[in-house]
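Enquirer: Task: produce atomic coordinates for the following.
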Amino acid sequence: MADLSLLQEDLQEDADGSGVDDYSSESDVIIVPSALDFVSQDEMLTPLGRLDKYAASENVFNRQMVARSLLDTLREVCDDERDCVAVLERISRLADDSEPTVRAELMEQVPHIALFCQENRPAIPYAFSKYLLPIVVRYLADQNNQVRKTSQAALLALLEQELIERFDVETKVCPVLVELTAPDSNDDVKTEAVAIMCKMAPMVGKDITERLILPRFCEMCCDCRMFHVRKVCAANFGDICSVVGQQATEEMLLPRFFQLCSDNVWGVRKACAECFMAVSCATCQEIRRTKLSALFINLISDPSRWVRQAAFQSLGPFISTFANPSSSGQYFKEENKSSEDTSVEEKNRIRDQEALEDAELRPEEAAAVPAVSSASVDLEGMVTGGTESPRQPPGETGASLSALSSEAQPEATSNEGDGKPGNCRSASQSEGGFGAQDPALPDQDLFNSFHFWRTPLPNIDLDMELEQGTGDTPSPEGAEDTPEVPGPASANITMATRKELEEMIENLEPHIDDPDVKAQVDVLAAALRASSLDARDEASEATRRAPRDEPATGEPPGCGLGHDATGPLISDAVESLDSALCYIRDDSDLSTNSGFSPDEERRSKVQDVVPQALLDQYLSMTDPSRAQTVDTEIAKHCAYSLPGVALTLGRQNWHCLRETYEALASDMQWKVRRTLAFSIHELAVILGDQLTAADLVPIFNGFLKDLDEVRIGVLKHLHDFLKLLHIDKRREYLYQLQEFLVTDNSRNWRFRAELAEQLILLLELYSPRDVYDYLRPIALNLCADKVSSVRWVSYKLVSEMVRKLHRAAPPSFGVDLIRELVESFGRCPRWSGRQAFVFVCQTVIEDDCLPMDQFALHLMPHLLTLANDRVPNVRVLLAKTLRQTLLEKEYFLTSASCHQEAVEQTIVALQMDRDSDVKYFASIHPASTKVSEDAMSTASSTY
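Expert: Residues are numbered from 1 along each chain as shown. Model prediction:
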């Protein structure tokens, strides 16, 4: 053995006898030094001495150990500033080691050493900047790949922990990275340096990124020699855009992004598709609608399947960037407005902003709408807070014929801030002062947002409008667009437009036998009748408003037409009809598909929130051919992003997504249905109670009967969904809750545990009688579950049920529940049932579900009888409950009642129990043990 001294017996005596005494055989040994002697020698060295000794060793492993023990050495000498500096100087020398593994090991320790230096900054001033940072920066260009990787990771860790001063970032880090990305730099080093620049941009901030990183990043995006560099730039493009902001993105980065999206290498284009949403978030609405949309369509139709796959995965998130937070449908349900009124109001607002799509927002108007992007926002009013009205008045149908197509110019959206209804107040409206006159408006005008930004003019004919347009001098803002801009959305259709409708009906009548043609004729006739009726109503309304409303100064007649102004020109009539068909079909209950040709079916999905081409591509994701040509899981990606798309379009455009949602809900892949099941409660919030009851409840019912993998998504948010339903509809599900106890796999205990969690939340949604009749049997069933985790949640459920029923007006429900607990569990022939009764009592006491006097009256007598139970597990839990829970209540500490005496007698009896564990818990001080931990340990032992 190496650590044992070698004993060798010396049998020879000294021949010359030179004064050495004779030794006995016991002491004739030779002591050979062992390895322990050398260890003791190292312990005698100072920390710096040991560091120097092993740092100079020729053994590579010794030098690795030195690098690994640097932090410990620093901790030993941290009290002496000179010793700390000496260690740091030796780190600099160790950084020059020729062995890559030593350098890599050293670099792994640098973040920890830097953090130590930061914590001990008074003793080691400027230690990191002077000694450690130069090593990190130098290793970024090391020849060894492992050393470079560790230095890059160390640099990012240091930046994330804010251990590098801003000055050092500007003077020591960024210049080196820019140099490493020079054209003559090594290819691998250049690629890695670009990646580091992109990753550190969010950490260093906008100023440093724009001055030092952005110019070189733009150059790297155009690197013609290496596609790896361009791919890294494309993959991190969104992060750079989010850091530098909108102006720099639009001026410097977007041209590079367009080049990358048309790169020859499909991997670069795929990276662009993956980061498209982040880039879109950093641009204005106008560029998003006019430029990025067309660019994204190119990626969706890319020759490479991998690019198309990434583009379709990003399609839903990209569509969600068109959403406007101020009109996302979450906070417009105010001032006791009915859902029908809210629906009418929002549709008026939609008409108004669509009719103004070529008018530009004046500077003073833009200042009054702080919540909207300075460029343009397309969604103001497209998503509403009220529920959608099932039927639309005839005037609404006629007005919807004046909607422009979805391909209109983006400048229209800049007027949407002015088009907010006055009764839906927001921060922007309060600052701008809009809506001050809304209390005085008549009922039929109350929800027309057009009144709150421009005074309407009387109704005029189309010919008069054209003549006036040539005689008046338009304002500079609208001089060029006046002849082409239709008036603000009107509730009537012009005479010329009605003539066009009549001619179209006459042309279709010879083919009336065709069901599709008949459907078109019916739609056109309904629109014509609605416009005729609405024209008379609006004429009288204009007469009533004309005396008090004065025309706005400086407004050209072509752009300042009021609520009663004429609709679009003849050339726009057919184009505007697309939107009309959508509203007529959706809001007039003409929902049968059999009466529509494919052309009408396409028109029913027209909207103006996002570019129609994007929505069409999104709706096509459920096409079975997409799964073969793009991605087998494309339907899952569509389902995942559908709530975001629905929120963007708004509940008034739900008709565009209804068929797609139904197709996804019946998809053959359970993963698709599972995705919808997990998000159906969010979609219900977006759509409101009426649409939820009509369209989501049937799908929800189907999910309840699906596979367990799908049902768990519904179950996890059962309370969130049911609370959105009407009370009568909600009660229908009381009969189906029992079905959750049956699962495909009986071992799926987490399903039952989740059911117990949801039932606790559902208690607030139902009356005491419903709780007693329907939820009580399920709760008692779960209390007897085979798995302790399920039972433990169920005890909480039963205790909350006791609380609710006890507080109910007729207390009989609570008394009956307690009586059933006593009969079913307190006197259960199985010891696990009696133990469950003790657990329930313990939970009731801890959560104060019953007043202590009521507990002492109804539950405690039956609880104390278990002191004589024949099973020690029951008595142990009883001792814990009495000693650690019950006696901590003030009721039993202050009152000298018969109940207190009974408890004390029971505890004395338990202290004399024959089982040692029962004695221990009956004698232990209440504060010395955590009750929940003891209870859970007992519960777990009875799995």
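Enquirer: doesn't Val771 fall inside a strand?
Expert: No. Judged by DSSP: H, G, I helix; E, B strand; the rest coil, Val771 forms no part of a strand; its state is helix.
Enquirer: and it, how many neighbours does it have?
Expert: 24 (other CB atoms under 10 Å). Every residue, glycine included, has its C-beta placed from N, CA and C.
Enquirer: Same check on the one 5 residues further on?
Expert: Each residue near Arg776 was counted by other CB under 10 Å, and the total is 19.
Enquirer: Spit out the contact partners of it.
Expert: Neighbouring residues of Arg776 by CB atoms under 8 Å, 6 or more residues apart in numbering: 801, 817, 820.
Enquirer: ok, so of those, who is nearest Ala779?
Expert: Comparing those against Ala779 with CB to CB places Met801 closest, at 5.9 Å.
Enquirer: name the element the closest one belongs to?
Expert: Counting by DSSP states H and E, the element that carries Met801 is helix 788-807.
Enquirer: I'd like the next helix or strand past that helix.
Expert: The helix or strand immediately downstream of helix 788-807 is helix 812-821, counting by DSSP H and E.
Enquirer: so the next helix or strand after that next one versus helix 812-821, what angle?
Expert: Toward the C-terminus, helix 812-821 is succeeded by helix 831-846 as the next helix or strand (DSSP H and E). Note on geometry: by axes from the mean of the first three to the mean of the last three CA atoms, to 10 degrees, helix 831-846 and helix 812-821 are set 140 degrees apart in direction.
Enquirer: Could you list the alpha-carbon positions for helix 831-846 in CSV?
Expert: Extracted in CSV, the C-alpha atoms of helix 831-846 (Å, rounded to 0.1, in the frame of the first residue of the first chain):
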residue,chain,number,x,y,z
TRP,A,831,-59.6,2.2,9.0
SER,A,832,-58.7,4.4,5.9
GLY,A,833,-62.2,5.8,6.0
ARG,A,834,-61.9,6.7,9.7
GLN,A,835,-58.5,8.3,9.0
ALA,A,836,-60.1,10.4,6.3
PHE,A,837,-62.7,11.6,8.8
VAL,A,838,-59.9,12.8,11.0
PHE,A,839,-58.2,14.5,8.1
VAL,A,840,-61.5,16.4,7.2
CYS,A,841,-61.9,17.5,10.8
GLN,A,842,-58.3,18.7,10.8
THR,A,843,-58.8,20.7,7.6
VAL,A,844,-62.1,22.2,8.9
ILE,A,845,-60.3,23.4,12.0
GLU,A,846,-57.2,24.8,10.2
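Enquirer: So which elements touch the helix or strand following that helix?
Expert: Sequence order places helix 852-858 as the next helix or strand after helix 831-846, per DSSP H and E. With contacts taken as 3 or more CB pairs under 8 Å, 6 or more residues apart in numbering; DSSP states H and E, helix 852-858 sits against helix 831-846, helix 890-894.
Enquirer: Turn these into a markdown table, columns for mean neighbour count and mean pLDDT.
Expert: What follows is the helices and strands packed on helix 852-858, written out as a markdown table (neighbours: other CB atoms under 10 Å; pLDDT from 0 to 100):
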| stretch | mean neighbour count | mean pLDDT |
| --- | --- | --- |
| helix 831-846 | 23 | 93 |
| helix 890-894 | 12 | 73 |
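Enquirer: closest to Ala922 out of those?
Expert: Using CB to CB, the nearest of the helices and strands packed on helix 852-858 to Ala922 is helix 831-846, at 13.7 Å.
Enquirer: just checking, what packs against that closest one?
Expert: helix 788-807, helix 852-858, helix 860-864, helix 872-884, helix 931-940.
Enquirer: Now tell me what touches stretch 251-261 from outside.
Expert: 214, 218, 221-222, 230, 233-234, 237, 240-241, 244, 268-269, 271-272, 279, 283, 287, 291, 295, 298-299.
Enquirer: so how far is Met277 from Arg256?
Expert: From Arg256 over to Met277 the distance is 18 Å, taken as CB to CB, to the nearest Å.
Enquirer: which residue packs closest to Leu910, ignoring adjacent ones?
Expert: Distance criterion CB to CB, 6 or more residues apart in numbering; nearest residue to Leu910, sequence neighbours excluded, is Ala922 at 3.7 Å.
Enquirer: Sort out which residues of whichever strand or helix holds the one you found are buried, please.
Expert: Assigned by DSSP H and E, Ala922 falls within helix 916-923. Within helix 916-923, the residues that count as buried by 16 or more other CB atoms under 10 Å are 918-919, 921-922.
Enquirer: For those, give me TSV that also has distance to Ala779 and pLDDT.
Expert: Putting the buried residues of helix 916-923 into TSV (distance: CB to CB, whole Å; pLDDT from 0 to 100) gives the following:
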residue	distance to Ala779	pLDDT
Val918	29	91
Lys919	34	89
Phe921	28	90
Ala922	30	88
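Enquirer: Which single one of those is nearest to Arg769?
Expert: Using CB to CB, the buried residues of helix 916-923 come closest to Arg769 at Phe921, 40.1 Å.
Enquirer: pretty sure the closest one is touching Leu882, no?
Expert: No. With contact defined as CB atoms under 8 Å, Phe921 does not reach Leu882; the gap is 9.1 Å.
Enquirer: what sits in contact with each of these two?
Expert: Common contact partners of Phe921 and Leu882 (CB under 8 Å, 6+ apart): Leu910.
Enquirer: follow-up on the earlier one: of all the helices and strands packed on helix 852-858, which one is nearest Arg82?
Expert: Closest of the helices and strands packed on helix 852-858 to Arg82 is helix 831-846, at 59.5 Å (criterion: CB to CB).
Enquirer: That closest one to helix 788-807, inter-axis angle?
Expert: Using the same axes, to 10 degrees: helix 831-846 against helix 788-807 is 50 degrees.
Enquirer: related to what we said a few turns ago, export the helices and strands packed on helix 852-858 to a markdown table and tack on distance to Leu782?
Expert: Shown next, in a markdown table, are those (distance: least, CB to CB, whole Å):
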| stretch | distance to Leu782 |
| --- | --- |
| helix 831-846 | 10 |
| helix 890-894 | 30 |
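Enquirer: closest to Ala104 out of the ones you listed?
Expert: Ala104 lies closest, by CB to CB, to one member of the helices and strands packed on helix 852-858: helix 831-846, at 54.5 Å.
Enquirer: Kindly spell out which helices and strands sit in contact with the helix or strand hosting Phe700.
Expert: If you go by DSSP H and E, Phe700 is part of helix 697-704. Using 3+ CB pairs under 8 Å, 6+ apart as the contact test, the elements touching helix 697-704 are helix 655-665, helix 670-691, helix 708-716.
Enquirer: buried set for the first one?
Expert: If I follow you right, that is helix 655-665. Across helix 655-665, burial judged by 16+ other CB under 10 Å covers 655-658, 660-661, 663-665.
Enquirer: Name the nearest of these relative to Ile208.
Expert: Closest approach to Ile208 among these (CB to CB): Leu657, at 43.4 Å.
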